[in-house]
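Peer 1: Model the structure of this input:
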Amino acid sequence: MRILRQLRSDLAAFLSGEEHGLLLLRAAHDHLPWIYLTLQELAAASPDVHLDFPHPFVSATAYADIVAERVTASAREAVGAGARPLPSTCSDPAVAAETRVQATLASARDLLPRGPGAPRLVCTLCPLELRAPAEHDRFVRGVLNLDVAPPWFHRMRVLVHLPPDAPEPTLPRMSRALAVDLSSGAMARSVEAEAQDPATPAPQRAQALLQAGTLQVGLQRLDAAALSFHQLRAHAQRAQDPLLTALACHGLGEVERAQARRAEALAWYERALVPAGEAGAPIVLLMVARALADLYLDAGRHAEAEQFFDGAHQLAAALPEPEAQSQALAGRGRAQALRGAAEPSAVSYLAAARLARQYRCEEPSAGLRSRLKEALRSTLPAPLALEIRQFLGGAP
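Peer 2: Next up is the predicted model:
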């Protein structure tokens, strides 16, 4: 995706450049995992030493303690028992947290070799959980306001974060800000531009069309989604690519389903079935089978729904995808119940509930207990009824 490639390029330029030592990320808090993932990919091919601090921000003092503890542990791992203790400035509670972090990172940097080609220390001070947002804002501004000559981040690259709606801070010299927008809307615009760019290579354009259509469905931009999936289907047919054909047909089914046009959705899902099988892609077959099973169930075609839920269960078991497996078993039980097969329905519900409990699948577990209690109101063989009662009486 173009927007993610641009993020990677921007971060790589900061890490390898000489002009800036500190980067302020202006991004929504829930976009930080993408940034960490990109940094981890860059770290894997870099000679630099990366220290990440995604730990929860409870308070500035507690966060400074975490940074000191992590650096101490890394030093012992690298040097052994002979590692020098950190200066008292790093742990003195009377010292401001941002100053303690400065001293800690400077000490960590000084453990690295010097000279041409020596590694830099890259520190990402971006908590993934903020329990004290206002204090975190003050902490970051304190880090930004440290103005020491030469800069305290010499031979370091430091990343900090503020949300885009926070007041604009004053940046010290050798620092810069990077605006990052990884919202669904921004991603959709990015892949749309890539998909419609005639210079985009055909395989990359096909992936962009698939990504665009999927995001557009999520954003309820259904006309745009339909256009993306139709373009993808035309490309897939020209390329004789069954996998992309199946994904395009499934996507068009999702568009019709979002508009409550069940007959049209069903027709597209059925068209996806053969190419999905030809592609030999179990995950795509699972998607199509689940969609067909759900719509057959809604249409009152219970025997067909049971057949496709059973197929989805087998596919999910082979992948393995225990939550999808439990959901498929629950769907099969529902189809069996609606066609009056009480005992097979109870067996399916019990198998689904056991899987959900075993793998701690919260979503399937929520309704299965009530389904099992409902099944007990039917006439069931005594051993099966006993199994269900024992299950219901056990730990949730």
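Peer 1: And the helices in the stretch 51-200 of the chain?
Peer 2: Here the stretch 51-200 of the chain has its helices, by DSSP state H, counting those that start in this stretch, at 60-79, 97-110, 133-145, 184-196.
Peer 1: Other residues contacting stretch 66-74?
Peer 2: By Cβ atoms under 8 Å, 6 or more residues apart in numbering, the surrounding residues in contact with stretch 66-74 are 51, 53, 55, 83, 85-86, 90-91, 100-101, 104-105, 107-108, 125. From N, CA and C alone the C-beta is placed, and that goes for glycine too.
Peer 1: ok, back up a step: among the helices of the stretch 51-200 of the chain, which comes closest to residue 30?
Peer 2: helix 184-196 (11.2 Å; Cβ to Cβ).
Peer 1: what about that closest one, distance to the chain center?
Peer 2: Distance, stretch centre to chain centre, for helix 184-196: 18 Å (Cα atoms, centre = their mean, to the nearest Å).
Peer 1: and it, what does it pack onto?
Peer 2: Counting contacts by 3 or more Cβ pairs under 8 Å, 6 or more residues apart in numbering; DSSP states H and E, helix 184-196 is packed against helix 2-16, helix 202-218, helix 222-239.
Peer 1: Single out the most deeply packed of these.
Peer 2: Mean neighbour count (mean count of other Cβ atoms under 10 Å) peaks for helix 202-218 among these, with a mean of 21.
Peer 1: could you give the angle of it to helix 2-16?
Peer 2: For helix 202-218 against helix 2-16, the angle by axes from the mean of the first three to the mean of the last three Cα atoms, to 10 degrees is 110 degrees.
Peer 1: roughly how far out does helix 202-218 sit from the chain middle?
Peer 2: Chain-centre distance of helix 202-218: 18 Å, with Cα atoms, centre = their mean.
Peer 1: Could I get the contacting residues of the nearest residue to residue 259 once chain neighbours are set aside?
Peer 2: What sits nearest to residue 259 in space, not counting adjacent residues and going by Cβ to Cβ, 6 or more residues apart in numbering, is residue 222, at 6.2 Å. Residue 222 makes contact with 216, 255, 258, 259 under the criterion Cβ under 8 Å, 6+ apart.
Peer 1: ok, back up a step: could you redo the helices of the stretch 51-200 of the chain as a markdown table and give each row mean pLDDT?
Peer 2: Shown next, in a markdown table, are the helices of the stretch 51-200 of the chain (pLDDT from 0 to 100):
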| stretch | mean pLDDT |
| --- | --- |
| helix 60-79 | 89 |
| helix 97-110 | 90 |
| helix 133-145 | 92 |
| helix 184-196 | 88 |
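Peer 1: Using a markdown table, lay out these together with distance to residue 315 and mean neighbour count.
Peer 2: Listed next are those as a markdown table, based on distance: least, Cβ to Cβ, whole Å; neighbours: other Cβ atoms under 10 Å:
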| stretch | distance to residue 315 | mean neighbour count |
| --- | --- | --- |
| helix 60-79 | 43 | 17 |
| helix 97-110 | 49 | 21 |
| helix 133-145 | 44 | 17 |
| helix 184-196 | 28 | 18 |
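Peer 1: could I get the ones you listed as JSON lines with distance to residue 306?
Peer 2: Formatted as JSON lines, those follow (distance: least, Cβ to Cβ, whole Å):
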{"stretch": "helix 60-79", "distance to residue 306": "53"}
{"stretch": "helix 97-110", "distance to residue 306": "60"}
{"stretch": "helix 133-145", "distance to residue 306": "50"}
{"stretch": "helix 184-196", "distance to residue 306": "35"}
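Peer 1: So which of these is nearest residue 367?
Peer 2: The closest of these to residue 367 is helix 184-196. By Cβ to Cβ, the value is 28.4 Å.
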